[in-house]
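build me a structure from this.
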Amino acid sequence: MDVQQRVEARMEDERDELRRLIAKDRDAQRDAWRLYRASLERVGRLSTDLGYAYDEPGRPTAELESALDAEHGIMLRLKQAANGLTPYIDGAEGRLAALDDEARDERLTNARRLAAAHDDTEHEMNWITAAEAVLKDEGGPLHYREITNRALDAGLITTKGKTPEASMNAKLAVSLKDGDDSPFVKVATGVFALRAHVGAVV
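The predicted structure is shown next:
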């Protein structure tokens, strides 16, 4: 794995961690608001009961007043907890958006470089040739989804199909049946490299 790939891997790990934290905080916030609404209903019932108690001369109200005060405190703490998670969620989402922008910029740069390297091609490449070009540009292995995305981004191939990644995977799999005559090797599940880059089948 080269430096660029390690950087991309770290960015993807950070995005995954941010998504996990956002999901965790959102779940906690939903739970806090759910408990807040339940507490709010209890406050309403206690307030109603206390109102009836005040209307009945001689009926003790201290216990109801104490319960209402306690529940009101719980309700406020739950509201504060729910609202307190918002800055953390917003911050994580902002960082995630920034990382996504960086990834898109990097993808655009790669696509432009790849397209420029093949701007003298008169006709659209076939999928195998396009995969070779993408892997040659990368200098290392890629998942077939990434190979497909880069080839499409650079305009090396076009398709009207709804599952271009599956098509690329199938074409690469067929190529592998040629054995040593195939320019590709499969180095992991769904991950392909140029035979010239790895020297031998892994």
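
show me where this structure has its strands.
For the chain, the strands defined by DSSP state E occupy 142-143, 184-188, 191-194.

deepest of those strands, which one?
Most buried of those, by mean neighbour count (mean count of other CB atoms under 10 Å): strand 191-194, with a mean of 21. To be clear about C-beta, it is placed using only N, CA and C from the backbone, and glycine gets the same treatment.

quickly run through the sheet partners of that strand, with directions.
Strand 191-194 pairs in its sheet with strand 142-143 (antiparallel), strand 184-188 (antiparallel), by DSSP bridges.

closest to Asp101 out of those strands?
Proximity to Asp101 (CB to CB) singles out strand 142-143 among the strands paired with strand 191-194, at 21.7 Å.

per the annotation, how does this protein divide into domains?
Per automatic domain parsing, the structural domains of the chain span 3-105, 127-198.

which one, of these, ends up nearest to Arg112?
domain 127-198 (7.7 Å).

tell me the gap between the longest helix anywhere in the chain and the middle of its chain.
In the chain, taking DSSP state H as the definition, the longest helix is helix 62-117. Averaging C-alpha positions (CA atoms, centre = their mean, to the nearest Å) puts helix 62-117 14 Å from its chain's average.

pLDDT of it, averaged?
In this model, helix 62-117 has an average pLDDT of 87.

helices and strands around that helix, which ones?
Applying 3 or more CB pairs under 8 Å, 6 or more residues apart in numbering; DSSP states H and E, one finds that helix 62-117 contacts helix 3-55, helix 127-138, helix 144-153.

which other helices and strands does the longest one contact?
Just to be clear, that refers to helix 3-55. helix 62-117.

the helix it packs on versus helix 144-153: what angle between them?
Relative orientation of helix 62-117 versus helix 144-153 (axes from the mean of the first three to the mean of the last three CA atoms, to 10 degrees): 60 degrees.

reformat the helices and strands packed on helix 62-117 as a markdown table; add mean pLDDT, mean neighbour count and distance to Ala98.
Below are the helices and strands packed on helix 62-117 laid out as a markdown table (pLDDT from 0 to 100; neighbours: other CB atoms under 10 Å; distance: least, CB to CB, whole Å):
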| stretch | mean pLDDT | mean neighbour count | distance to Ala98 |
| --- | --- | --- | --- |
| helix 3-55 | 89 | 14 | 10 |
| helix 127-138 | 89 | 20 | 24 |
| helix 144-153 | 90 | 21 | 21 |
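
the longest helix of the chain vs helix 127-138, what angle?
100 degrees.

what residues are up against Glu106?
Glu106 is in contact with Glu8, counting by CB atoms under 8 Å, 6 or more residues apart in numbering.

and Ala154, which of the strands of the chain is closest to it?
Closest among these, using CB to CB: strand 142-143, at 13.4 Å.
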